[in-house]
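Participant: task: produce atomic coordinates for the following.
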Amino acid sequence: MSTDVFDLTIVGAGPAGLFSAYYAGLRGLRVKIVDSLDQPGGQLIALYPEKFIYDVAGFPAVLAKTLVNELVKQASQYKPVWCMGEQVQTCEQHKEGCLAIGTNRSTHWSRAVVIAAGAGAFAPKKLPGVNCSEYEGRGVSYSVRELAAWRDKRVLVVGGGDSAVDWALNLLRFTEHVTLIHRTGKFRAHEGSIAKLMASPDKVSMFHELKGVDGVERVEEVTIYDNRTKEEERLAVDGVLVNIGFSSSLGPIRDWGVELDKEGIVVGSRMETNVAGVYAAGDVASYPGKLKLIVTGFGDAATAVNHAKAFIDPASRSFPGHSTSVVPKQRQDGDDGK
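Facilitator: Residues are numbered from 1 along each chain as shown. This next block holds a predicted model:
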């Protein structure tokens, strides 16, 4: 076969995909990373680059964009090939023992694949019956790309999950005032974050919903209401952050022949799917007891890549050895990609 065949193609450049790339390099594999977004980081960069993450081992608090930058730096030691802005479409087995991964731009040949696509393609959920779309880009947002853009503003946050609660807390450092409304009487967020929110200067209104947004050029005012009494209240605001979740889909990956359940792609203890040579890691992988966390995604990635190495090269061991010994030897031998 004249086509350039890589050892491993990683679908997805979020945290699990980036750590997969690092581990693949550590195991001496030639790696490609394919992602539909134009830069690495997945949802961390696309949705909340300025948000602090508190549950990554060794980091009491780390900005999402900082974590991504460090993961990219770590993976780049082994010079993976980055194929950003490509949406995967097909994955086919060939008699030469290779997989052909078709995208909207090209076909990538690989001996194995790790699917680290997170929740798949995603889009923010929008409030039905509310005129938010009229003010998108003019004060209504669904994510925070730059905290500086919210400085000294009066902000309404809509939502009751982790993201809404965390942003209400994070925005306090920059804004003039934050009001958070949630349509029920119970948050769907970490207990510690809820406790911080209730002790903060933020105004919190439970059982409240957004009725409408007003303004001439930009958002100037909103109308909220108590869904129990229907009593309305008008608030002067400069910005509205709608954080009620995201809808996602695996898209064409669903047609790759991998077994699926309601949580994602079904894998075994080696992170292997039912398709030979195809593995899954991170939020997209489903197995009993799975927790969809960044830190568990890192473990999934290491497991998937090391067993993919054994699949590609049956004479090798799945156990990689300890990095304290492996990396210094690579650097001594000049095999670390530097």
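
Participant: buried residues in the top strand by length along the chain?
Facilitator: Across the chain, the longest stretch assigned as strand under DSSP state E is strand 107-115. Within strand 107-115, the residues that count as buried by 16 or more other CB atoms under 10 Å are 108, 109, 110, 111, 112, 113, 114, 115. Bear in mind the C-beta positions are built from the backbone N, C-alpha and C, glycine included.

Participant: now for the closest residue to the fourth one other than its chain neighbours: which residues touch it?
Facilitator: Closest residue to residue 111 apart from its sequence neighbours, by CB to CB, 6 or more residues apart in numbering: residue 312 at 4.8 Å. Residue 312 sits next to 7, 8, 29, 111, 112 when contact means CB atoms under 8 Å, 6 or more residues apart in numbering.

Participant: could those residues be laid out in CSV, adding pLDDT?
Facilitator: Putting the contacts of residue 312 into CSV (pLDDT from 0 to 100) gives the following:
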residue, pLDDT
7, 97
8, 98
29, 97
111, 97
112, 98
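
Participant: tell me which of those is nearest to residue 232?
Facilitator: Each of the contacts of residue 312 was scored against residue 232 by CB to CB, and residue 8 proved nearest at 56.7 Å.

Participant: tell me the phi and psi of residue 306?
Facilitator: Backbone torsions for residue 306, taken as degrees, to the nearest 10, come to phi -70, psi -30.

Participant: roughly how far apart are the residue nearest to residue 111 and residue 110?
Facilitator: From residue 312 across to residue 110, the span is 9 Å (CB to CB, to the nearest Å).

Participant: what sits in contact with each of these two?
Facilitator: 7, 8.

Participant: and residue 198, how far is that from residue 169?
Facilitator: As for residue 198, its distance to residue 169 is 11 Å (criterion: CB to CB).

Participant: do the same with residue 224
Facilitator: Separation of residue 224 from residue 169 (CB to CB): 20 Å.

Participant: what's the answer for residue 189, then?
Facilitator: As defined by CB to CB, residue 189 lies at a distance of 10 Å from residue 169.

Participant: can you check residue 33 too?
Facilitator: According to CB to CB, residue 33 stands 33 Å off from residue 169.

Participant: you'd agree residue 300 is in a helix?
Facilitator: Yes - under DSSP: H, G, I helix; E, B strand; the rest coil, residue 300 sits within a helix.

Participant: near it, how many other residues are there?
Facilitator: By other CB atoms under 10 Å, the residues close to residue 300 number 26.

Participant: what's the nearest residue to residue 97 if we skip its chain neighbours?
Facilitator: Leaving aside its chain neighbours, residue 97 sits nearest to residue 111 (7.1 Å; criterion: CB to CB, 6+ apart).

Participant: try residue 252
Facilitator: Closest residue to residue 252 in three dimensions, ignoring its sequence neighbours and counting by CB to CB, 6+ apart: residue 89, at 4.7 Å.

Participant: now do the helices in the stretch 51-200 of the chain.
Facilitator: For the stretch 51-200 of the chain, the helices defined by DSSP state H, counting those that start in this stretch cover 64-76, 162-171, 191-199.

Participant: need the residues that contact the first one.
Facilitator: For helix 64-76, contacts defined as CB under 8 Å, 6+ apart pick out 15, 18-19, 21-22, 25, 33, 40-41, 44-45, 48-53, 56, 59, 294, 337.
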